[in-house]
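>>> Sequence below, structure please.
(one chain, ligands or ions: 1)
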Amino acid sequence: MKRAIYPGSFDPITFGHMDIIERSSKMFDEIIVAVLNNSQKNSLFSVDERVTIIKDLTKNYANVKVMSFEGLLVDFADQVDANIIIRGLRAVTDFEYEIQIAQTNHVENPKLDTVFLTTSLNYAYLSSSVVREFASYGGDISKFVPEEIIPLIVEKYKK
Ligand code: PNS
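A predicted model of the protein is given here:
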């Protein structure tokens, strides 16, 4: 059983994340989308809201589960008995940060490997922070996120 974790903040989830979920769900037996519960970070959506949103958006993928986690990713991987981490790489600028985390996690748990998927060209520019920035000024985010979640994002910035 090849169980892989796709960790992230997903605040909010974007088409780039959805693309990685879809592609990785075809590569592994089970994908656990792991939403980081980081109390120090000022997030747009609560962790429970993010889990609910992602569960809804991935309901048609039979082998995709959504969970939240706190603390170290290596510990969460241990808890759910997964030994693969998936991360998307958009550009060379992501690489330095990502390789450091991947290597650190591998040193902490040598059974844990990180698999990088290159982000589809259509979404190479996209990030959750770009979505938040556009949304905060009332910009059009329909090319960035699934349409179901646009009203939820708009609502957050009304408050
Ligand atoms: O979507 P993000 O914010 O780029 O995701 C980053 C994430 C959640 C993968 C990373 O911050 C993480 O794994 N955090 C959990 C804490 C941890 O294990 N840190 C060790 C990194 S050396």
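>>> okay, CA-based contacts and neighbour counts for the rest of this
Fine.
>>> show me where the protein has strands.
Counting by DSSP state E, one finds strands in the chain at the ranges 3-8, 30-36, 64-69, 84-89, 113-118.
>>> among those, which is nearest K158?
Evaluated with Cα to Cα, those place strand 30-36 nearest to K158, the distance being 24.5 Å.
>>> hang on, the earlier thing: could you export the strands of the chain as CSV, including mean pLDDT, mean neighbour count and distance to the ligand?
As requested, those are exported to CSV (pLDDT from 0 to 100; neighbours: other Cα atoms under 10 Å; distance: least, Cα to the nearest ligand atom, whole Å):
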stretch, mean pLDDT, mean neighbour count, distance to the ligand
strand 3-8, 98, 22, 3
strand 30-36, 98, 23, 5
strand 64-69, 98, 20, 8
strand 84-89, 97, 21, 8
strand 113-118, 97, 16, 11
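>>> residues in contact with the nearest residue to R3 once chain neighbours are set aside?
Residue nearest to R3 in three dimensions, not counting chain neighbours: E30, with 4.7 Å by Cα to Cα, 6 or more residues apart in numbering. With contact taken as Cα atoms under 8 Å, 6 or more residues apart in numbering, E30 is in contact with 1-4, 63-65.
>>> And for E148?
Residues near E148 by Cα under 8 Å, 6+ apart: none.
>>> wouldn't V115 be in contact with L89 here?
No - shown here, V115 and L89 do not form a contact pair, counting by Cα atoms under 8 Å, at 10.0 Å.
>>> pLDDT on stretch 151-159, on average?
Averaging the model's pLDDT scores along stretch 151-159 yields 93.
>>> Please tell me how far Y137 sits from F10.
As judged by Cα to Cα, to the nearest Å, Y137 and F10 stand 20 Å apart.
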